[in-house]
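Novice: Generate a structure from the sequence data that follows.
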Amino acid sequence: MIAVRTKPSRESMTRLWKVQTSPVRSIIALSVFLLIMIVTVIFAVVSFRKGDGNILLVVLAVVTACSIAIILVRTLRYPAKRFAAVQKNVPDMKSEYIFYEEYFTIRNECTGISENLKLKYSAIKKVIYNECWFVVILGGGNGIAFHENSFENGTPQELSAILRDKLGKKYKVK
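Specialist: Alright, predicted model coming up:
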């Protein structure tokens, strides 16, 4: 039996979030937005100066600029709001994965609600192990991921041997 227990701390999830939404990404998105806005305004001004007062061009320029603004605001702001909501609702999430010879179990606990699953290894579509993370992809777009420091019983090498034996080509080391 190999047991893996995870309890993501607020600090680690916040740190992961900050890596995913780095200031460089925000600055690049804002720069692209400003560049597109400037080009759109220049295009509209040049069209009017040439005497091409076609209202369709003006409407197209305004709609394009507004659409880009909405997309960029959603891209930059919505994920941060969603992350804050998840953090507020799920502050004490714990997961436990136990791998046996013939099956494995998943137990998730969150704010007093518990979920237990017992699955055969045939339910696993793919496992990827890279340096220190195990990513187990299940059917239906579900999956689990855990760090090799999360092992309570057993070692990453033992789990790797079990998964390699049970899954064959579905097990990848990167």
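Novice: unless I'm mixing things up, Tyr129 is touching Ser160, no?
Specialist: Yes: here Tyr129 reaches Ser160: they are 6.0 Å apart, a contact under CB atoms under 8 Å. C-beta here means a position set from N, CA and C on the backbone, and glycine is covered the same way.
Novice: Pull up the overlap in contacts between those two.
Specialist: 171, 173 (CB atoms under 8 Å, 6 or more residues apart in numbering).
Novice: residues of stretch 134-146 that come out buried?
Specialist: 134, 136, 144, 146 (16 or more other CB atoms under 10 Å).
Novice: Out of those, which comes closest to Gly168?
Specialist: If you rank the buried residues of stretch 134-146 by distance to Gly168 using CB to CB, Val136 comes first, at 14.9 Å.
Novice: Helices of this structure, residue ranges please.
Specialist: Ranges of helices in the chain, per DSSP state H, are 10-20, 23-49, 55-89, 156-167.
Novice: How about residues contacting the last one?
Specialist: Contacts to helix 156-167, defined as CB under 8 Å, 6+ apart, come from residues 2, 4, 99, 101, 121, 124, 127, 129, 134, 148, 151, 171, 173.
Novice: same thing but 7 Å
Specialist: 2, 99, 121, 124, 127, 129, 148, 171 (CB atoms under 7 Å, 6 or more residues apart in numbering).
Novice: my guess is Phe146 contacts Cys132, does it?
Specialist: No: using CB atoms under 7 Å, Phe146 is not in contact with Cys132, being 9.9 Å away.
Novice: where are the low-confidence patches of this structure?
Specialist: The model of the chain has pLDDT under 70 over residues 6-27, 29-30, 52-59, 72-92, 111.
Novice: Quickly list the domain ranges of it.
Specialist: Following automatic domain parsing, one finds the domains of the chain at 10-89, 92-173.
Novice: Packed most tightly, which of these would that be?
Specialist: domain 92-173 (a mean of 14; mean count of other CB atoms under 10 Å).
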